[in-house]
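> sequence first, predicted coordinates after that:
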Amino acid sequence: MKLGYHLGYWSSGPPADALETIKTAESLGFDSVWTAEGYGSDAFTPLAWWGASTERIKLGTNIVQMSARTPTATAMSALTLDHLSGGRFVLGLGASGPQVVEGWYGQPYPKPLARTREYVEIVRKVVAREEPVTIDGQFFQLPLRGGTGLGKPLKSTVHPLRKEIPIYLAAEGPKNVALSAEICDGWLPLFFSPKTDGFYRAALEEGFARPGARHTIDDFEVAASVPVIVHDDVEAAAGFIKPSLALYIGGMGAKEVNFHHDVFARMGYEDVADKVQELYLAGRKAEATAAIPTSLVEDTALIGPAAKIREELARWESTVVTTLLLRGDAGTLRSVAEVLS
């Protein structure tokens, strides 16, 4: 498996020593570096700023939220970054959830899969630049239906460096995972576990089998964000990860719609996920964190002494995952790369 570095999105400000860490990742032979956005920092700007100081490493978004921009605006940024990076850009897209989509972007959330299909189609048409872009879809119309009547089909003034820019889709549910296999070039899973490999492999195969699918399992990328902590004390290592898990399981989404909660329920931790969500939404965050068993962390992360991680890595290498996306500072990347090499 390849290694990638995931900066994530900012908290109250830019992450410290980001450029040093990115340069370290490139020097260690990491394949890619990724940025994210929620409702604060955007994904494109940091990637352009810090990516300008690199030469080889791929530059990806994990993820750009589709509701934040029209498909043509996203395609413009992708075209621009691909040129500036010499063809190293990877566009990672995601639908996010109704709390952010409707609460922050003021956009409708229903039918995210159908909306994603139209979105990706438009981005590909813009990048290919074969003809003026037109679509009369359910969610997007170019030119706009019912406007002034003066809109005209256009194509980008910028000629693409490549006729196709790789598009990866962030997905957690089986229908969305299948969609990634059908219309995209890669899948960006969150909270992947080797024990759920069969479930996701089946969803991917369903997408590959659809008419017009672009890939097979043999040439499809799966870049999974996987916490890796080298530490002599497994419980201490798990303790670094549990607060983040409590946030995602308990608080990232409404009680009725939380895709992260559902991932762990499918993994066999439904009772745990329900308890964590109940405690977290009640404001009892410390108790929610304490309710997460270390076994759950070990199912979705590589933690503990170096020998333990090396032994467990074999389980990951037999899955659909092609790239492990790591987080941490430069020192963390060095120690992890040494263990995983």
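Happy to help now that I have it.

> assign the closest residue to residue 162 other than its chain neighbours to helix, strand or coil.
Nearest-residue entry for residue 162: residue 87, 5.6 Å, with adjacent residues in sequence omitted and distances by C-beta to C-beta, 6 or more residues apart in numbering. All C-beta atoms are positioned from the backbone trio N, CA, C, and that covers glycine. Three-state call for residue 87 (DSSP: H, G, I helix; E, B strand; the rest coil): coil.

> is residue 87 in contact with residue 161, as I believe?
Yes. Applying C-beta atoms under 8 Å, one finds residue 87 in contact with residue 161, separated by 5.3 Å.

> and those two? Which one has more around it.
Comparing residue 87 with residue 161 by other C-beta atoms under 10 Å, the one with more neighbours is residue 161, at 17 against 12.

> show the pLDDT at that one.
We have a pLDDT of 98 for residue 161.

> so what's it up against?
For residue 161, the contacting residues are 79, 82, 83, 86, 87, by C-beta atoms under 8 Å, 6 or more residues apart in numbering.

> from residue 79, how far off is it?
The gap separating residue 161 from residue 79 is 8 Å, by C-beta to C-beta, to the nearest Å.

> sorry, back to before: how about the contacts of residue 161, which pair is most distant?
Across those, no pair lies farther apart than 79 and 86, at 13.3 Å, counting by C-beta to C-beta.

> of these two, who's got more company?
For residue 79 and residue 86, the more surrounded residue by other C-beta under 10 Å is residue 79, and the numbers stand at 23 against 10.

> where does the stretch 51-200 of the chain dip in pLDDT?
Across the stretch 51-200 of the chain, nothing is flagged by pLDDT under 70.

> that one: helices as residue ranges?
For the stretch 51-200 of the chain, the helices defined by DSSP state H, counting those that start in this stretch occupy 71-84, 98-103, 112-128, 174-183, 197-208.

> point out the most buried one among the ones you listed.
helix 174-183 (a mean of 22; mean count of other C-beta atoms under 10 Å).

> what are the contacting residues of that helix?
If you take C-beta under 8 Å, 6+ apart as the criterion, helix 174-183 is touched by 95, 112-113, 116-117, 120-121, 168-169, 171, 186-187, 189, 199-200, 202-208, 210, 212-215, 220.
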